[in-house]
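Student: model the following, please.
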Amino acid sequence: MKLLVFSDNHRDRESLDLLLKECQEMDRIISLGDSEMREEELSERNVIGVKGNYPFEPNFPDDLIFIFDDWKFLFTHGHKYGVKMGLYRLVEVSNAHDIDVVCFGHTHRAILEEIDDLICMNPGSLTFPKGTFLPTYAIIETKANKISLEIRDLKTHKTLLSLFKTRRSHDY
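Tutor: Next up, the predicted model:
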């Protein structure tokens, strides 16, 4: 399974369309919120996702949980878990639901790290990045016992951060 994950484009349709044109071979396209686009606009682009903290957000859920190739994901914007103050609550909720990978937005900072056995990934922002990177997005590829995650630069599509992990399969 190949996933394209982005966050916080804040009505910037041009950056989103540029990204979608470059990344056409995806099985799923997931927004982590604050798109500030209508649900129809996102659906026309085959984007599913979660609601952000802006009042103009589409009628998406706050959180989504999916299993792709035996990897359990939690997708959320992150504001309800206080991610600007740290990842403690997000990690706690992820552990309570046996999540393998949690993907969140809200901070506009690209993050890719492992906390204990949980992979935490924020693709950054397509439009208003904070931190050391320019606009970024993420590509995630899953197989039954392997996962690779890359955070890439929107303009050059070069990988800036990456994580690769293998493990034994487990039942949910």
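
Student: alpha carbons only for contacts and neighbour counts from here, please
Tutor: Fine.

Student: quick one: contacts of the lowest-mean-pLDDT helix or strand in the chain?
Tutor: Taking mean pLDDT, DSSP states H and E as the measure, the chain has helix 39-44 as its least confident helix or strand, at a mean of 93. Applying CA atoms under 8 Å, 6 or more residues apart in numbering, the contact partners of helix 39-44 are 48, 57-60.

Student: got it, and stretch 50-57?
Tutor: Against stretch 50-57 from outside (CA under 8 Å, 6+ apart): 31-39, 58-64, 75-77, 79, 106.

Student: A helix includes F60, no?
Tutor: No: counting by DSSP: H, G, I helix; E, B strand; the rest coil, F60 is not part of a helix but coil.

Student: ok, it touching M37?
Tutor: No: in this structure F60 lies outside contact range of M37 using CA atoms under 8 Å: 11.4 Å.

Student: doesn't D98 make contact with K72?
Tutor: Yes: judged on CA under 8 Å, K72 makes contact with D98 at a distance of 7.4 Å.

Student: neighbour-wise, which of the two wins?
Tutor: Using other CA atoms under 10 Å as the criterion, K72 and D98 rank with K72 on top: 17 against 14.

Student: the helix or strand containing the more buried one pairs with which strands?
Tutor: Counting by DSSP states H and E, the element that carries K72 is strand 71-76. Strand pairing for strand 71-76, determined by DSSP bridges: strand 63-68 (antiparallel), strand 101-103 (parallel).
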